[in-house]
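> here are the coordinates; sequence isn't available:
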């Protein structure tokens, strides 16, 4: 029997990384928000790798923080080790990654939620929702728990993670379950299908956890963190952060014995027996998949990482598997230093329901149900960072819709968040989508170091950035500008000291005075390398120096990419009416008509990125749009 439990402006379904950001954004923007979770003890859980960031993903965390999200700050508070990946390449691809204390991360996130005004945290499983047609538009009106509680809402955000009809598979053993041994979410998928939502079935997996005392860690290759590392969040004290004590990780490799064990048991692998029906992630395959796909490789690198300061659990990154438990134990014991390892948690694969994300607008609202939003793995993506980014945008847009304000749609040239959302709602995905630096055509503009420059004014306007933090942001921007100006106007005389530095760094010497900015543009030289001859250099924080150096060193490339953005923006911005029937537009190919009618792109730029829409089709749309504007009396 259902009963009326109360009302809220926004309901968020699921308290994983997407749900946390969605709920906090909604509540901080002033709306009454209720956050539902199957288990209160699993708020902000990391069922897979206890890490935040990584290639491309680190960019997302910086952007989440710049907009006023929580992930970066929480990650800073629980950092066990911090490393910047791709340091041997240019700044566009530098990506921060931290090993995090998963238990403390959960505790911090739960405490933050519990102490946020306008936000209620409730342990309940949402199994259904109700809609009402208003002015020919289907609108969400309530969500319903398994206990029969009906909560009246103006908007709902589905952040179900891998819980929807979750099914865990390990060898021949398969059973209904959510991640980490929690209950699966049953019933909500049926409600989505009833309302015409297209459902996909995806799969992901996780490696075994091992007791640290049973591993010979001293025999393994050590991997230390970086020195003088910057935090994710502008809220974190950077001086304290860079002086923190870090915990080392270790590296181990699979062997011929490991591969032989895997090959001899492939007939028991659910991946190859057909037991697993869901599509898995291309860029995070299981170890058995890697051994089969890369048969020429004699070994694969694995990372041995701590799960927290107060636990003995070790995470074996790269050793994800769905083979039977006894086979996994043999595989573990074949690794150097793991001969006597005790497996604390068995690796498993998990299948779950998610949606075709082309059913969403760039706001992450469903096209067919007003007020219903999706975020995270529910949208077909993979990873904590991708989930948090979508949750933040969905939460913001749910509030803006209720307040009858213009939505927030980040463009591809503004952020990796914008690229991520544009990719999934325009192109869709037939496998769990993972953010990578290569997915952005504007990589040099979308660096980690300038995320606040790109997005903090937006977060401030939304009310997610405090006045005090915004004032600090303004002061930082001024300091960067002043340092760029100083470097561009400073001339260094051709002294023996300078020429010695140039020789030591493998670049040509000088016979006349040279601008400091010109020296910095040489690939072989860095800001720190020129410290001895830059005698008027002010004492500046590392974050100011890092930003100023990139701006100076890559000035020409940045200007060129900005010009490309400006050129493309004119075409990108041409809007396409939502009520267009593309089958009526002459000149479009049949495939293009079908794809355009299904996705209903917002503008020409989005249309150009739909698979199956050719440049010739875009030309037809440009002509159609121009004629349409003329008929409506608009200027070209």
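All right, it came through fine. The structure presented is a predicted model; accordingly, all values stated were derived computationally and were not measured.
> Can you list the buried residues in the strand or helix carrying residue 451?
Per DSSP states H and E: residue 451 is located in helix 451-462. For helix 451-462, a neighbour-count test (16 or more other CB atoms under 10 Å) marks 451-460, 462 as buried. (Glycine included, C-beta is placed from N, CA and C.)
> again with stretch 138-155
Buried-residue list, stretch 138-155, by 16+ other CB under 10 Å: 138-145, 149-151, 153-155.
> Assign the residue lying closest to residue 568 once chain neighbours are set aside to helix, strand or coil.
What sits nearest to residue 568 in space, not counting adjacent residues and going by CB to CB, 6 or more residues apart in numbering, is residue 605, at 7.2 Å. Judged by DSSP: H, G, I helix; E, B strand; the rest coil, the three-state class of residue 605 is helix.
> Tell me who's in contact with residue 605.
412, 568, 571-574 (CB atoms under 8 Å, 6 or more residues apart in numbering).
> Of those residues, just say which sits nearest to residue 125.
Comparing the contacts of residue 605 against residue 125 with CB to CB places residue 412 closest, at 36.6 Å.
> Just name the shakiest helix or strand of this protein by mean pLDDT.
Here the helix or strand of the chain ranked lowest by mean pLDDT, DSSP states H and E is helix 270-273, holding a mean of 80.
> And for that helix, what's in contact with it?
169-171, 174, 266-267, 276, 280, 286, 288-289, 292, 322, 349.
> and the least confident of the residues you listed?
Lowest pLDDT of these: residue 280, 74.
> re the thing from before, could you check how far the helix holding residue 451 is from the centre of its chain?
Centroid separation for helix 451-462 versus its chain: 18 Å, with CA atoms, centre = their mean, to the nearest Å.
> And stretch 58-65, by the same measure?
8 Å.
> One more: stretch 218-232?
23 Å.
> pLDDT on it, on average?
94.
> same check, this time on stretch 19-39
Averaged over stretch 19-39, pLDDT sits at 98.
> Give me the buried positions along it.
19-29, 31-38.
> Tell me if I'm right that residue 5 and residue 151 touch.
Yes: at 5.3 Å, residue 5 and residue 151 qualify as touching, with contact defined as CB atoms under 8 Å.
> joint contacts of those two?
Contacts common to residue 5 and residue 151, judged by CB under 8 Å, 6+ apart, are residue 145.
> Would you enumerate the residues in contact with residue 22?
Taking CB under 8 Å, 6+ apart, we find residue 22 in contact with 10, 12, 157, 159, 373, 375, 391-392, 394-395, 398.
> do the same with residue 72
With CB under 8 Å, 6+ apart, residue 72 has these contacts: 52, 61-62, 64-65, 231-233, 236.
> Tell me the pLDDT of it.
98.
> ok, back up a step: show me the buried residues of stretch 19-39 that map onto strands.
33-37 (DSSP state E).
> Tabulate those residues in CSV, adding columns for distance to residue 556.
Shown next, in CSV, are these (distance: CB to CB, whole Å):
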residue, distance to residue 556
33, 47
34, 51
35, 47
36, 51
37, 50
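> just to revisit the earlier point, buried sites along the next helix or strand along the chain from the least confident helix or strand of the chain?
On the C-terminal side of helix 270-273, the nearest following helix or strand under DSSP H and E is helix 287-293. Judged by neighbour count using 16+ other CB under 10 Å, the buried positions of helix 287-293 are 287-292.
> Equivalent analysis for stretch 390-407, please.
Going by neighbour count (16+ other CB under 10 Å), the buried part of stretch 390-407 is 390-402.
> Can I get those in JSON lines including distance to residue 552 and secondary structure?
Below are the buried residues of stretch 390-407 laid out as JSON lines (distance: CB to CB, whole Å; DSSP: H, G, I helix; E, B strand; the rest coil):
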{"residue": "390", "distance to residue 552": "35", "secondary structure": "helix"}
{"residue": "391", "distance to residue 552": "36", "secondary structure": "helix"}
{"residue": "392", "distance to residue 552": "32", "secondary structure": "helix"}
{"residue": "393", "distance to residue 552": "33", "secondary structure": "helix"}
{"residue": "394", "distance to residue 552": "38", "secondary structure": "helix"}
{"residue": "395", "distance to residue 552": "37", "secondary structure": "helix"}
{"residue": "396", "distance to residue 552": "34", "secondary structure": "helix"}
{"residue": "397", "distance to residue 552": "37", "secondary structure": "helix"}
{"residue": "398", "distance to residue 552": "41", "secondary structure": "helix"}
{"residue": "399", "distance to residue 552": "39", "secondary structure": "helix"}
{"residue": "400", "distance to residue 552": "38", "secondary structure": "helix"}
{"residue": "401", "distance to residue 552": "42", "secondary structure": "helix"}
{"residue": "402", "distance to residue 552": "45", "secondary structure": "helix"}
